[in-house]
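Undergrad: return atomic coordinates for the entry below.
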Amino acid sequence: MNTETIETLIKSLHRNRIHAKYYKTQDELLASISEHFNSGAIVGVGDSQTLEALGIYNLLKTKEVEFLDKYKTGQSREEKNLLYRRNFSADIFISGINAITLEGKIFNLDGNGSRVAPIIYGPKKVLLVCGTNKIVKNDEEAVVRIKNIAAPIDAKRLNKKTPCVKTGRCMNCSSTDKICNYYTIIQGQFDENRIEVFVIDGEYGY
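TA: Below you'll find the model as predicted:
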């Protein structure tokens, strides 16, 4: 990703009262994120292949924090639902991004809302991580990216029985199995210190 594009993105996010920083390496990003993990902090996460690829879930397991681990084996549906509600009172919530525009807008799509809801409100601090592959020009490109790249791939990963799994693109279906239920667009925030964006060079997640 060229320097001019990164600079435009960072400036746009700052103009929207969202602190953002660009990292060239995984080690740099992880070191920066680790600075937020105070001992005893309660940390929740959203489902994200970006966080998985960068080793952030594993990093949390090594820190002296209370990790609200949605991936812990043996959890019942009730226990997982309780964990989702606890995310709202977490000290830190970490998630990925489906698309981010050069105008400084953050787009996310969610199936049940457990990821996008705490991003918007609840946790004291929100850290959003994305690779440069998520950067798009404008709103239209963000929606196209989500519908024709992110959602179909994720639906396939989750073994959903939706048309997009077969076609590779959104079919605007009404399937009860669809994950395209909650779109959110963040284009600013009241508390400029709450949401931070970590952009890392390279393709992470989808």
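
Undergrad: name the next helix or strand downstream of the longest helix along the chain, please.
TA: Longest helix of the chain, by residue count under DSSP state H: helix 3-15. Counting by DSSP states H and E, the next helix or strand C-terminal to helix 3-15 is strand 19-23.

Undergrad: buried set for that following strand?
TA: In terms of neighbour count (16 or more other Cβ atoms under 10 Å), strand 19-23 has its buried residues at 20, 22-23. (C-beta placed from N, C-alpha, C; glycine too.)

Undergrad: can you check stretch 53-68 too?
TA: For stretch 53-68, by 16+ other Cβ under 10 Å, it's 53-54, 56-57, 59-60, 65, 67-68.

Undergrad: let me know the closest of these to Glu103.
TA: For these, the residue nearest Glu103 by Cβ to Cβ is Leu54; the value is 25.3 Å.

Undergrad: where does the prediction get shaky in the chain?
TA: Counting by pLDDT under 70, not a single residue of the chain qualifies.

Undergrad: centroid residue for it?
TA: In the chain, the centroid-proximal residue (Cα atoms, centre = their mean) is Gly96; its distance is 1.8 Å.

Undergrad: which residues of the protein fall in strands?
TA: Using DSSP state E, the strands found in the chain span residues 19-23, 42-45, 66-68, 92-96, 99-101, 106-110, 125-131, 135-136, 182-186, 195-200.

Undergrad: make TSV from those and add distance to Ala151 to it.
TA: Listed next are the strands of the chain as TSV, based on distance: least, Cβ to Cβ, whole Å:
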stretch	distance to Ala151
strand 19-23	24
strand 42-45	20
strand 66-68	25
strand 92-96	14
strand 99-101	11
strand 106-110	6
strand 125-131	16
strand 135-136	15
strand 182-186	10
strand 195-200	21
